[in-house]
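1. Here you go, sequence then predicted model.
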Amino acid sequence: MSLINENLKRLKENLANEGIVSHSEKLVLGVSAGADSTALLYLFSKLRYDLNLSLLAVHINHNLRGEQSDTDEKHIAVLAMKLNIPMIVRHIRLEGESDIENRARVARFEIFEEIRKSYKFDKIVLGHHKWDQAETLLLNLFRGAGLGGLAGIRPIMGEIVHPILIFEPQELKDMLSEEGISWREDLSNQELRFSRNRLRQEILPQIEEHYNPLVREKLYESAAILNLVDQYIMERSLKRFKRACVESKKGRVMLNLPELLKAPQIEQYYILREAYSRISGTRQDFFQAHIRELNSLFESDGSKYITLSNNVYAIRRYEELIFTDDDSELFTPEAEVMVLEPNRALAVHMEYRFQFKYLKVLPDDFRELPPMQVIIDADKIAGKLSIRQRKAGDRFIPFGMSGMKKLKDFFIDEKVPKYDRDLIPVFEDEEKIVWVCGHRIDQRVSHDENSVRYLMISAEPITMNNRALSLKKKRNE
């Protein structure tokens, strides 16, 4: 059997077994002029008729190697035309040398995805082979990646698929040579300033010579096993994620921290990575260092935030953990003062819903009210009530005390984080603060044995869904 027929048989079996490509799908093929992607292009040109595939080749010219880059472009364009596969070429230019490998990768993937969506294609097909898998596992290990990183390149990663991971690079080159198909060698693959090249040219040959001549094959097999383990834990963790997730929408994921911390530590990692990926669009660039930072966030009181990769923020707000790419969430917007008309029953302000009820008799449980509900002497209110944020110089007499206290000092004593202080509604009448919502009323409006008319004020947050509301209420009981 010829190599092309043998490889096509293996490829078809792999596509079916892994569910990588289905009949009649539309595929974007990411191609350079190297042997791997040339083999990918050639194999799928033969396979498309059996599976009724629609193919579109995309070549990215990074303009990093001058005339060589242009020659690569022309070479692959000629082959695509010969194989009757339409091809799109995009040119990009990356400034500076810093982290150029990663930036080039990100730029390529953005272009592939843009073209896939524009042409309404199903998947992006890339030509990584078996030894790429071995190198990726080691690179991720050195970078401190978790189990997901050690699983390496998965056959299916969302809309991106890797169907020729089963082939060694020499197998692909032998097939091309037998078919009379030429390819271009990228001389930059010999430059040791790139970490993958150093691994390929120096480290792995040393390991093969001194430790295990089959190390690449063993790393490939390990990645396959680790991928199965990763998938198993991820499926379990996603069930836990659903229980811990309070809100999930574009640009914002909110987790209930107590529910998250019930999970085993390994599942916590997967839950946090899932939340991160829903904001960043990728599971990459999320490492153990981020877990350490997040753990320090969990151990802190009140509200704080950290910045993760890809401009994702993780914000701790008491018992919620928010992932977002919106930096405005890091700052509290300035709220207008709301002046309440007399006998008003309801009000919505500063993300809270307030209820007002006048009473002639104290309820039996008036000594056991939750923090978000108070009863004051209605006749001790001077003029109209209003709701506002705190402001500089605020002072009041906290219930149970006899002297004035700065609101700032009160918050410090109560261990209210700085971030949260602007989120707390402050009730005042025309002379004084009446209630620091959720914390303390002013002594001067407290009811006593001479009180004959009472005002009950109840507050509840309105920015979270029903589950978050119930959790909030439970905390305040």
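-> Cool, the structure landed. Numbering: from 1, shown residues only.
2. Outline the domain layout of this structure.
-> Per automatic domain parsing, the structural domains of the chain span 3-127+163-211, 224-329, 338-476.
3. give me every residue that touches Thr71.
-> Ala33, Arg184 (C-beta atoms under 8 Å, 6 or more residues apart in numbering). (Each C-beta comes from the backbone N, C-alpha and C, glycine too.)
4. ok now the helix or strand harbouring it, how far from the chain's centre?
-> Following DSSP states H and E, one finds Thr71 within helix 67-82. Its chain's average C-alpha position is 37 Å from that of helix 67-82, according to C-alpha atoms, centre = their mean, to the nearest Å.
5. where does the stretch 251-400 of the chain have low pLDDT?
-> Residues of the stretch 251-400 of the chain that meet the criterion pLDDT under 70 lie in 301-303, 331-333.
6. how about the helices in it?
-> 257-262, 265-280, 288-299 (DSSP state H, counting those that start in this stretch).
7. three-state assignment of the closest residue to Ile181 other than its chain neighbours?
-> Among residues not flanking Ile181 along the chain, Tyr42 sits closest, at 5.7 Å (C-beta to C-beta, 6 or more residues apart in numbering). Secondary structure, DSSP: H, G, I helix; E, B strand; the rest coil: Tyr42 is helix.
8. Report the contact partners of Val445.
-> Applying C-beta under 8 Å, 6+ apart, the residues near Val445 are Ile376, Asp377, Lys380, Ile381, Asp429, Lys432, Val434, Trp435.
9. Between those residues, identify the one with the most neighbours.
-> Within the contacts of Val445, Val434 tops the neighbour count with 25 neighbours, counted by other C-beta atoms under 10 Å.
10. quick one, phi psi at it?
-> Dihedral angles of Val434 (phi, psi; degrees, to the nearest 10) stand at phi -100, psi -40.
11. I figured it was touching Ile375, is that so?
-> No. In this structure, Val434 is not within contact of Ile375 by C-beta atoms under 8 Å, at 11.9 Å.
12. Buried residues, the longest helix that the chain contains. List them.
-> Counting by DSSP state H, the longest helix found in the chain is helix 215-244. The neighbour-count check on helix 215-244 (16 or more other C-beta atoms under 10 Å) flags 215-216, 219-220, 222-223, 226-227, 230, 233-234, 237, 240-241, 244 as buried.
13. Just name whatever secondary elements that helix is in contact with.
-> helix 130-143, helix 147-150, helix 204-210, helix 257-262, helix 265-280 (3 or more C-beta pairs under 8 Å, 6 or more residues apart in numbering; DSSP states H and E).
14. Please report how far Lys262 lies from Arg292.
-> As judged by C-beta to C-beta, to the nearest Å, Lys262 and Arg292 stand 20 Å apart.
15. coming back round to it: what's near enough to touch the residue nearest to Ile181?
-> Ile4, Leu79, Leu83, Met175, Leu176, Glu179, Ile181.
16. Which single one of those residues is nearest to Arg93?
-> Leu79 (24.8 Å; C-beta to C-beta).
17. List the residues that contact that closest one.
-> With C-beta under 8 Å, 6+ apart, Leu79 has these contacts: Thr38, Leu41, Tyr42, Ile181.
18. With Pro169 instead?
-> Residues near Pro169 by C-beta under 8 Å, 6+ apart: Ala35, Asp36, His129, Lys130, Trp131.
19. And for Ile92?
-> Counting by C-beta under 8 Å, 6+ apart, Ile92 makes contact with Ile60, Asn61, His62, Asn63, Ala104, Ala107, Ile111.
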